[in-house]
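S.K.: Here's a sequence, model it:
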Amino acid sequence: MAFQFEERELLACCGSTRFAREMARLSPFATYDQALEMARDIWLNNVDTNGWLEAFSAHPQIGETPANQESGMHAQWCKGEQSMAMATATASNLQELHEWNIRYKQKFGFIFIICASGRTSNEVLVELKRRYVNRPIVELEIAALEQLKITELRLAKLFKSTEVSPFHSGEHSENLKPKVLLVADERLNKIGAHITAAAPSTRTRPPITTHILDVSRGSPASGVEVVLQKWNRLEKEPSFDSAGSGDWIFQGSSVTDTDGRSGQLMPIVDHVSPGIYRISFNTRKYFPGGFYPYVSIVFKIKEDQTSQHFHVPLLLSPFSFTTYRGS
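M.R.: Residues are numbered from 1 along each chain as shown. Presented below is the predicted three-dimensional model:
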């Protein structure tokens, strides 16, 4: 059995001209696994940085659909891959995604690339903010690997939609078609297990939450900016002199509502990553004349606590604050 693809079909899988040309030259492929092996080698070893950037530019920005005039497999796949994000997006989500897309491109020079299949708009936004702090060379490599994930999924879809190649003889195409679909479906499931969103969580809220109570007024504190970060150095715990260190990695941000509760600071998952976290509150804006310009609370989640919930409230007045682990 052999599978023959044209350059234009492979260009829909990955927008790098060199990638598509090299893959077409090596076609036909005996199996999907053989094509996948070739694709990985070409993308990582033969395509240069310009080719990576060319592939990135073929995508619409995350949170945006392809232009109306675009058609064909590439446009269909783009819409399908972003379908979960678009279906779960609110107007404020889309506006924030738009603003962060602009900020990201200004810093790195290319659009934000993520394998968005199965991801909600909030998950995409959290990942965008988390990766924004990366050094450009690091982020370029991460984006290239995300592009490879997208290419793998699209190759699987291409194989799944392809009739039996005329290069194969000796069997009727009607008998071979189920085998073609079986190979592609099996591989697509394997890939999806690794790069699409996890199965729905049994939680109804994120593992880490917070709220703020203004004890001087006896009412919730609304409109306070909240940021969640995670310490990134496994070999060393943060100390009192590392408050401003770049080793704190952004996880999510929000603003407290009328009940003093923050929005979602991280995805809803069954198991949170163990480690040291920091929640920071912009108290200067809430109490302009207060004693504390901001408040940061640092806490540790142990290996045997990853399935637990961590509610970290802030009880605040202009000249004091306290906290505790709530439920």
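
S.K.: so where do the helices sit in the protein?
M.R.: Listed in chain order, the helices of the chain (DSSP state H) span residues 7-13, 17-26, 32-41, 49-57, 73-81, 83-87, 91-108, 121-132, 136-161, 173-195, 283-286.

S.K.: and these as TSV, adding mean pLDDT and distance to Val226?
M.R.: Using the backbone N, CA and C atoms, a C-beta is placed for each residue, glycine as well. Converted to TSV, these look like this (pLDDT from 0 to 100; distance: least, C-beta to C-beta, whole Å):
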stretch	mean pLDDT	distance to Val226
helix 7-13	89	41
helix 17-26	92	42
helix 32-41	88	41
helix 49-57	92	32
helix 73-81	64	31
helix 83-87	70	23
helix 91-108	88	15
helix 121-132	88	13
helix 136-161	87	25
helix 173-195	38	30
helix 283-286	90	10
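
S.K.: what about these, which gets the closest to Gln229?
M.R.: helix 121-132 (9.7 Å; C-beta to C-beta).

S.K.: which of the residues in the closest one are buried?
M.R.: For helix 121-132, the neighbour count (16 or more other C-beta atoms under 10 Å) marks Ser121, Asn122, Glu123, Val124, Leu125, Val126, Glu127, Leu128, Lys129, Arg130, Arg131 as buried.

S.K.: ok, residues contacting that helix?
M.R.: Helix 121-132 has contacts (C-beta atoms under 8 Å, 6 or more residues apart in numbering) with 62-63, 85-86, 88-90, 93-94, 96-97, 100-101, 103-104, 107, 112, 114, 116, 119, 139, 142, 197, 249-253, 264, 266-267.

S.K.: Mind giving me the ChimeraX select for the residues you listed, buried ones only?
M.R.: The following ChimeraX line selects those of these that are buried, judged by 16+ other C-beta under 10 Å:
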select :62,63,85,86,89,93,94,96,97,100,101,104,112,114,116,119,139,197,250,251,252,253,264,266,267
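
S.K.: How is the chain partitioned into domains?
M.R.: Domain segmentation of the chain under automatic domain parsing yields 7-195, 208-323.
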